[in-house]
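A.B. asks: Prediction below, plus the sequence it came from.
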Amino acid sequence: MKVVVDLTRCQGYGQCAFLAPDVFTVREESLLYDLDPADEQGERVLRAAAACPVQAIHLDWTVTRSPVPQSERKIDGRIVIVGASLAGARAAGVLRRDGFAGSLTVIGNERHEPYDRPPLSKQVLTGQVAPDHVMLPRLREVEAEWLWGTPATGLDLAGKQVRLADGREIGFDRVLLATGTRARPWPHEAEAALEGVHTLRTLEDASRLRQALDARPSRVLILGAGFTGSEIASVCRELDLPVTVVERGPAPLVGALGGVIGDVAAQMHRDHGVDLRCDTTVTALEGDADGRLRGARLSDGSMVEAEVAVVALGSIRNVEWLHDSGLAAGVWGVACDAGCRAVDTNGLVTDDVFVAGDIARFPHPLYQYQFMTLEHWGNAVAQAEIAAHNMVSDQAHRWPHLSVPVFWSSQFGVNIKSVGVPTFADEVVITQGSTAERRFVAVYGYQGRVTAAITFDQGLWLDFYQGLIERAAPFPPDFRHVDRRTAERPVPARVPERLTATAGATVVVTGHDPAERRATLVHAPQR
């Protein structure tokens, strides 16, 4: 039995930990669990899944939506899914569940079955869960041709074929692009190759880093204080390992949550013994004559000695293989409409090419239709289901992807959850609890309406604030709050300046006949 919990839905009721304590553990409001429990736990896990008030526990045979009526679906033809991780695997299961009976091929560049990535920076590193216990449950046994370890190298829209690295070409009638992201490496290849320098994205990455931490290094250096870097720092302190975090911004998590909450996160790091260096960058990683990491030189001129370094500088979207495809694909992702249909370089919406997951750049009505990419577990699942439904539905019965973004993180014993887009805000106010106690709700507003909310160990309130976001409720909220300590006033959210999504490609118009002029993307080298 495989188990996975949608932790964006989990609200900490603890029924699962009560009914299956050997599988589920609740620390404060953070849920930890074994993704591959022993067979003798099966009956208890089933009871826990049935008792979950928000139905957040997914098992191998979970079905989440009703099938599409026969008259409204396309049940034959050839569908290819490029990307065999969370979004791709979810879409494959939904296609079969909804009655697609044609040829289905799933292409993945990793040699593993789909696995859950969030536990890699949490339970796997602490040793609570073995690396081979993170495989994702399936909606059901999916009848498909699974091409593991076979990267895609090109997409021929006119010929409707996906080109593979081994020289094969796979034809399709409809194709779903879900190639996800990879960890951004340290840019200096020789330094990145030093023994002791790690990234964390794949199952192999997690296994290597866990072994490195098990060796009890004298100090761990983490480059970047986003969610991944902060979670790894939390694990290091839980293992009683000295850790230094170097962050180029003014505080951890500023890029995602803004400066007000970033200040809270910074204090949380320091309270747990993290050597946090903000407004600082690593200028060089240094090794010994045997090629082993010995430390790093910082922009302030100081030196940090460390035997293990984790590069947590964000991710790169896997879209290079699409550069000559004619799609609007670049470093920001692959543009698509709200129905997950890809957009080509001329701005035209395609009808047979769909996008889902971390590479999908889509417009969201709640946020002024600005295009956004979301590297969230819940978004990958929801978008994959929308894409799969639309691939087998006629035009009149397709659905838009309108889910409000939700994500979660567990670090330093605190369960952090977010709904909405915190960086789409100009003000923030603490509506419940206390930042000093690390137990509060912060609500974000933009031009007088609620746009997002963050909870620290207050996840039960997330659905309530999601309702305010969906209704465009006035900001600041004007009603009596539970656990309201003082009459807090909104303050500037101090979110990063919004970037214009133009980096990485220039559009030129080519052709001699005005009726046949076409736009072409000219890609510059990434820096």
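C.D. replies: Noted; the coordinates are in hand. Quantities reported herein were computed from a predicted structural model and do not represent experimental measurements. Numbers count the residues shown, from 1 in each chain.
A.B. asks: where are the low-confidence patches of the stretch 1-150 of the chain?
C.D. replies: Across the stretch 1-150 of the chain, residues meeting the criterion (pLDDT under 70) sit at 28, 53, 60-74, 138-140.
A.B. asks: any chance you could map the helices in it?
C.D. replies: Counting by DSSP state H, counting those that start in this stretch, one finds helices in the stretch 1-150 of the chain at the ranges 15-19, 42-51, 86-97, 123-126.
A.B. asks: Pick the most deeply packed of these.
C.D. replies: Highest mean neighbour count of the helices of the stretch 1-150 of the chain: helix 86-97, a mean of 26 (counted as mean count of other CB atoms under 10 Å). Any C-beta I mention is one placed from the backbone N, CA and C, and that applies to glycine too.
A.B. asks: and it, what does it pack onto?
C.D. replies: Taking 3 or more CB pairs under 8 Å, 6 or more residues apart in numbering; DSSP states H and E as contact, the helices and strands that helix 86-97 lies on are strand 78-82, strand 103-107, helix 377-391.
A.B. asks: Nearest to residue 183, out of these?
C.D. replies: Evaluated with CB to CB, the helices and strands packed on helix 86-97 place helix 377-391 nearest to residue 183, the distance being 16.6 Å.
A.B. asks: Could you look up the next helix or strand downstream of that closest one?
C.D. replies: Using DSSP states H and E, the next helix or strand after helix 377-391 towards the C-terminus is strand 406-411.
A.B. asks: Indicate each strand paired with that next one and its parallel or antiparallel sense.
C.D. replies: strand 414-420 (antiparallel) (DSSP bridges).
A.B. asks: Now do the strand it pairs with, average pLDDT.
C.D. replies: Model confidence over strand 414-420, given as mean pLDDT, is 93.
A.B. asks: can you state the direction angle for it and helix 377-391?
C.D. replies: Using axes from the mean of the first three to the mean of the last three CA atoms, to 10 degrees, the direction of strand 414-420 lies 40 degrees away from that of helix 377-391.
A.B. asks: which residues touch strand 414-420?
C.D. replies: Applying CB atoms under 8 Å, 6 or more residues apart in numbering, the external contacts of strand 414-420 come out as 8, 12, 28-31, 256-257, 268, 366, 404-410, 438, 444, 450-457, 459, 462, 465-466, 469.
A.B. asks: Quick check: residue 324 touching residue 154?
C.D. replies: Yes - between residue 324 and residue 154 a contact is recorded at 6.6 Å, counting by CB atoms under 8 Å.
A.B. asks: Against residue 130, how distant is residue 216?
C.D. replies: 20 Å (CB to CB, to the nearest Å).
A.B. asks: Adding distance to residue 296, write the helices of the stretch 1-150 of the chain out as a markdown table.
C.D. replies: Written out in a markdown table, the entries for the helices of the stretch 1-150 of the chain read as follows (distance: least, CB to CB, whole Å):
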| stretch | distance to residue 296 |
| --- | --- |
| helix 15-19 | 40 |
| helix 42-51 | 44 |
| helix 86-97 | 33 |
| helix 123-126 | 21 |
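A.B. asks: shaky segments in the stretch 151-300 of the chain?
C.D. replies: Applying pLDDT under 70 to the predicted model, the stretch 151-300 of the chain contains no residue that meets it.
A.B. asks: Quick one: the helices in it, in order.
C.D. replies: Assigned by DSSP H, counting those that start in this stretch, the stretch 151-300 of the chain shows helices spanning 189-192, 203-214, 227-238, 254-257, 259-271.
A.B. asks: Does the last one pack against any helices or strands, and if so which?
C.D. replies: Spelled out, it's helix 259-271. Helices and strands touching helix 259-271, as assessed by 3+ CB pairs under 8 Å, 6+ apart, comprise helix 227-238, strand 275-278.
A.B. asks: tell me the most buried of those?
C.D. replies: When you average the neighbours per residue for each of the helices and strands packed on helix 259-271 (mean count of other CB under 10 Å), helix 227-238 leads with a mean of 24.
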